[in-house]
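>>> Pasted the sequence and its predicted model underneath.
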Amino acid sequence: MISHIKLTLHDDTIGSITVQFDRWDGPHAQYRWTIIPPGMPIYSGSELRMGASSQPNDGQALATLLSFLGAFAEAVDVTRRAGIESDNLDMFPEQLQEWAYQVGSDEFSVLESSVCGGDDA
């Protein structure tokens with residue numbers, strides 16, 4: 001059996017964002033994610049489902065999570081600025097909205113690019 005380690009991104013501003021392979025859901029790797037914003041409780045879920053692949057890819061899972069966090073942050077921003085509520089507001093727990101807003105969608109995009117090595121993959 002293959003053992004998978006956690007892949008964690010840590011920054012003093014954002015806190016810690018971790019992904020870890022959880023299980024196979026048919027041909028799809030499913031990941032557990034954990035977010036620990038500075039000074040806040042731990043938030044986690046296990047519904048990060050990747051596309052069909054032969055092996056789990058922790059880096060791709062982290063990049064995907066960062067992309068989703070960017071969409072979440074953008075939804076919070078648009079809601080606050082324009083009062084237009086986005087479907088993306090329910091991607092993560094409501095308690096993470098202020099944190100995501102403070103980090104910002106641009107920062108999540110930069111972090112995603114650094115995880116991908118500048119690629120769009």
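Sure thing, it's come through. What you see is a predicted model; the values in this text were computed from it and never measured. Numbering: from 1, shown residues only.
>>> For the residue nearest in space to the middle of the chain, which three-state class applies?
Nearest to the geometric centre of the chain sits residue 65, at 2.5 Å (C-alpha atoms, centre = their mean). Classification of residue 65 using DSSP: H, G, I helix; E, B strand; the rest coil returns helix.
>>> Relative to residue 35, how far out is it?
Here residue 65 is placed at a distance of 9 Å from residue 35 (C-beta to C-beta, to the nearest Å). In short, each C-beta sits where N, CA and C put it, glycine included.
>>> Need the residues touching each of those two.
residue 17 (C-beta atoms under 8 Å, 6 or more residues apart in numbering).
>>> Where does the prediction get shaky in the protein?
1-4, 54, 118-121 (pLDDT under 70).
>>> Skipping adjacent residues, who's closest to residue 69 in space?
The shortest distance from residue 69 to any residue other than its chain neighbours is 4.8 Å, reached at residue 108 (C-beta to C-beta, 6 or more residues apart in numbering).
>>> In contact with that neighbour, which residues?
So residue 108 contacts 66, 67, 69, 70, 73, 100 (C-beta under 8 Å, 6+ apart).
>>> what's around the second one, how many residues?
This points to residue 67. Number of residues near residue 67 (other C-beta atoms under 10 Å) recorded here: 17.
>>> these two touch, right, it and residue 112?
Yes - using C-beta atoms under 8 Å, residue 67 is in contact with residue 112, at 5.4 Å.
>>> now the contacts of residue 108: which count as buried?
66, 67, 69, 70, 73, 100 (16 or more other C-beta atoms under 10 Å).
>>> Show me the two of those that sit farthest apart.
The two members of the buried ones among the contacts of residue 108 with the most space between them (C-beta to C-beta) are 67 and 100, at 12.7 Å.
>>> which SS state does residue 107 fall under?
Looking at residue 107 with three-state DSSP, the answer is helix.
>>> residue contacts, the closest residue to it other than its chain neighbours?
Spatial nearest neighbour of residue 107, excluding adjacent residues (C-beta to C-beta, 6+ apart): residue 14 at 7.4 Å. The neighbourhood of residue 14, defined by C-beta under 8 Å, 6+ apart, consists of 37, 38, 103, 107, 111.
>>> Having no further points to raise, I will conclude here.
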